[in-house]
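Chemist: Got a predicted structure here, sequence first:
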Amino acid sequence: MTGDRVSGPVDGTPALDAPADGGASTVGREARLPSDPSARVRRVVALVDTDSFAKWGAHLLAAAPAGWDLDLRTVATPRSASAKQLRSAFRGLDARLAHLRTAPPVPKDVDAIVEELRQDPPDAVLVSLIGPVAELVIDEVHRRIPDRPVLVSGLPGISFPAKWKGIFFRARADLFVLHSHREVRAYEEMAIEGGVVPHFALATLPFARTASASAEASAEASAEASAGAAAGATAHGGHVRDSVVFAAQPSVPLDRADRALVVRWLVATAQRHPEWRVVIKTRAAAGEHQTHREEHPYPELVPSDAPANLVVESGPMAEHLDRAVALVTISSTAVLEAAARGVPALTLTDFGTGRHLINEVFVSSGLEGDSVDLVDGRFGTVRPSWMQDNYFHPASDDDWHRRLTELMAQRDAGKLVDRAPARRSRGGVLRRAWERKNALGGADRSALGWLALAIGAPIRTGKRLARKARALVDPPEPVVVAAPTSQREAGAQRAGVGTAEAPVSEGLGDREQQLVSGRDAG
């Protein structure tokens, strides 16, 4: 790529409202371009859509150097977060973005946002969007903004094991942010295998920044909090700790029967411990959307005769952790927030450990347990030996600021190189219209989108039916890489003795006993 500006997109399609003289718009840029490039005030705009991408994008953006000018906009998609979800996601931002919590941005359609970026290009854009929308926006920026900004993308929360779709949709981004050394290695290996040049950078997970200065200090804080949990509600930092918080996930576990089982365990916990509030912490109220679709919401599975101290609540996770004696989940990123605060935690392994449960990363973390541990009030503390490679590395290991700064300098010099897409499918304009319709759904009202849908929908339906037919002949099974484990086993190992056969806690039925004993790993 040369420093010369072009008058339109490289594929020949007309740019959105390009200037009549064919030049690139410079509206608003002159005031930001002092003669000394080293004195530049960098401007970065984040684009977000769903609840989890909004939270991650806003908090990663807030970690940018203090001198940078920051902005955030919401993209209108079928799964865009509600104003309430955005206010929850934007809790705890720094002064540059604090206004977002009281006045979250109203969602705008992709064309309007791309036009704003074309009229007044920032130095970089953080594309914090679900995969198909991220691919669409990245493609539109490449095609329609001659002096395009640096494009940064990534995945919120736990992203191990590596997922090809994450790479596929974001292959053209200049930088892909991950949050642990382990994730970076896994994604680099997968990218190389898929023919994509690695472009991954490391950043401390925004929600894990409050971790203690050392792993030992964090473990000590967790041990103290665990002791407080066993004794009942305790005061800490001005908050009364009286809650066991279950961090719900929309699709883990997936089956209704398994999710109903989790509710039964929580009911049993509430019955056993009337001194605790057992909170099912949800991410969306009825009618609100999430990053992943939830077919069986937990609130619908709570029995009418549940104890009064079992409650369903939403709101910012940070506020729930303020009064938590422990955090329980299958594999939610919230467990990292809890560990960072020294709050005891439990990742339930009753359904086994495997990719489909997103809990392989917690093997040997010290946080694994089962429903017996939950009902008995036995929670884990994160092991220092696990932290370095998994989300709690030293801040000095982070390189995303440096690499983004280098990319912006390349842009300044006209040397920013466009990356190749991972998508190899053909179809030209009609194919792009299909991908756009697929990403935006009803938010795309173009005639070409409807045409692409009319042609593509039957083809997609045929492929899905073919996959279902193959599955009937050869049913795929989730790969379980480890059987259920418990805090009891971990305690016995630390004590150097064999694991005793522990009685199953009261309140658990036959199905739960099978899961806990490992005879049925889900």
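Modeler: Arrived safely. Source: prediction; values computed, not measured.

Chemist: Give me the neighbour count for Arg431.
Modeler: 14 (other C-beta atoms under 10 Å). Every C-beta, even on glycine, is put in place using the N, C-alpha and C of the backbone.

Chemist: And the pLDDT for it?
Modeler: As predicted, Arg431 sits at a pLDDT of 74.

Chemist: Same question for Gln85.
Modeler: Gln85 carries a pLDDT value of 89.

Chemist: residues near it, how many?
Modeler: 23.

Chemist: How about the contacts made by Ala58?
Modeler: Ala58 sits next to 46, 48, 72, 89-90, 93, 97, 100, 128 when contact means C-beta atoms under 8 Å, 6 or more residues apart in numbering.

Chemist: among the residues you listed, which are in strands?
Modeler: 46, 48, 72, 128 (DSSP state E).

Chemist: Tell me the most packed of the residues you listed, by neighbour count.
Modeler: Going by other C-beta under 10 Å, Val48 tops those with 32 neighbours.

Chemist: Double-check that residue against Thr77; I have them as touching.
Modeler: No. Taking contacts as C-beta atoms under 8 Å, Val48 lies outside contact range of Thr77: 10.2 Å.

Chemist: Quick check: neighbours shared by these two?
Modeler: Leu129.

Chemist: picking up where we left off before, for the contacts of Ala58, could you give me JSON lines that also reports pLDDT and distance to Val375?
Modeler: Converted to JSON lines, the contacts of Ala58 look like this (pLDDT from 0 to 100; distance: C-beta to C-beta, whole Å):
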{"residue": "Ala46", "pLDDT": "98", "distance to Val375": "42"}
{"residue": "Val48", "pLDDT": "96", "distance to Val375": "38"}
{"residue": "Leu72", "pLDDT": "97", "distance to Val375": "42"}
{"residue": "Ala89", "pLDDT": "90", "distance to Val375": "32"}
{"residue": "Phe90", "pLDDT": "93", "distance to Val375": "36"}
{"residue": "Leu93", "pLDDT": "92", "distance to Val375": "37"}
{"residue": "Leu97", "pLDDT": "95", "distance to Val375": "41"}
{"residue": "Leu100", "pLDDT": "94", "distance to Val375": "40"}
{"residue": "Ser128", "pLDDT": "97", "distance to Val375": "38"}
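
Chemist: What segments of the stretch 151-300 of the chain are strands?
Modeler: For the stretch 151-300 of the chain, applying DSSP state E, counting those that start in this stretch gives strands covering 175-178, 200-202, 234-236, 239-241, 243-247, 277-281.

Chemist: so how far is the first one off the chain centroid?
Modeler: Meaning strand 175-178. From the chain centre to the centre of strand 175-178 is a distance of 13 Å (C-alpha atoms, centre = their mean, to the nearest Å).

Chemist: if we can go back for a sec, lowest-confidence stretch among the strands of the stretch 151-300 of the chain?
Modeler: Taking the mean pLDDT of the strands of the stretch 151-300 of the chain, strand 234-236 comes last: a mean of 49.

Chemist: Show me where the stretch 201-350 of the chain dips below the pLDDT cut-off.
Modeler: 210-238, 284-294 (pLDDT under 70).

Chemist: Show me the helices in it, by range?
Modeler: 215-231, 256-272, 317-322, 334-341 (DSSP state H, counting those that start in this stretch).

Chemist: what comes into contact with stretch 199-208?
Modeler: Outside stretch 199-208, the residues that touch it by C-beta under 8 Å, 6+ apart are 56, 59-60, 62-63, 154, 157, 173-181, 184, 187-188, 191, 317, 333-334, 336-337, 339-340, 391-393, 395, 397-400, 403-404, 419.

Chemist: Next: stretch 101-114.
Modeler: Under C-beta under 8 Å, 6+ apart, the answer for stretch 101-114 is 16, 47, 49, 72-77, 80, 83, 86-87, 90-91, 93, 116, 133, 136-137, 140-141, 144-145, 436, 440, 443.

Chemist: Sort out for me which of those are in strands.
Modeler: Cross-referencing those against strands under DSSP E gives 47, 72-74.

Chemist: Looking at the residues you listed, state which has the most neighbours.
Modeler: Neighbour max across the ones in strands among the contacts of stretch 101-114 (other C-beta under 10 Å) = Leu47, 27 neighbours.

Chemist: for this structure, which helix is longest?
Modeler: Counting residues, the longest helix found in the chain (DSSP state H) is helix 447-473.

Chemist: Make TSV out of the ones in strands among the contacts of stretch 101-114 and add distance to Tyr298.
Modeler: What follows is the ones in strands among the contacts of stretch 101-114, written out as TSV (distance: C-beta to C-beta, whole Å):
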residue	distance to Tyr298
Leu47	30
Leu72	30
Arg73	32
Thr74	26
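
Chemist: per-residue confidence at Ala482?
Modeler: We have a pLDDT of 74 for Ala482.

Chemist: ok, now which ones touch it?
Modeler: 349, 352-354, 360, 363.

Chemist: Enumerate every residue touching the spatially most central residue of the chain.
Modeler: A centroid search over the chain (C-alpha atoms, centre = their mean) returns Pro156, at 2.5 Å, as the residue closest to the centre. Residues counted as contacts of Pro156 (C-beta under 8 Å, 6+ apart) are 52-53, 55-57, 128, 291, 333.

Chemist: Same question for Val127.
Modeler: Counting by C-beta under 8 Å, 6+ apart, Val127 has contacts 47, 134, 137-138, 151-153, 170, 173.

Chemist: give me that answer again for 7 Å
Modeler: Going by C-beta atoms under 7 Å, 6 or more residues apart in numbering, Val127 touches 47, 134, 137-138, 151-153, 173.

Chemist: any idea which of the residues you listed is closest to Leu266?
Modeler: Ala134 (34.7 Å; C-beta to C-beta).

Chemist: what's near enough to touch that closest one?
Modeler: Counted by C-beta under 7 Å, 6+ apart, Ala134 has contacts 127, 153, 169-170.

Chemist: make it 8 Å
Modeler: 127, 153, 169-170, 173.
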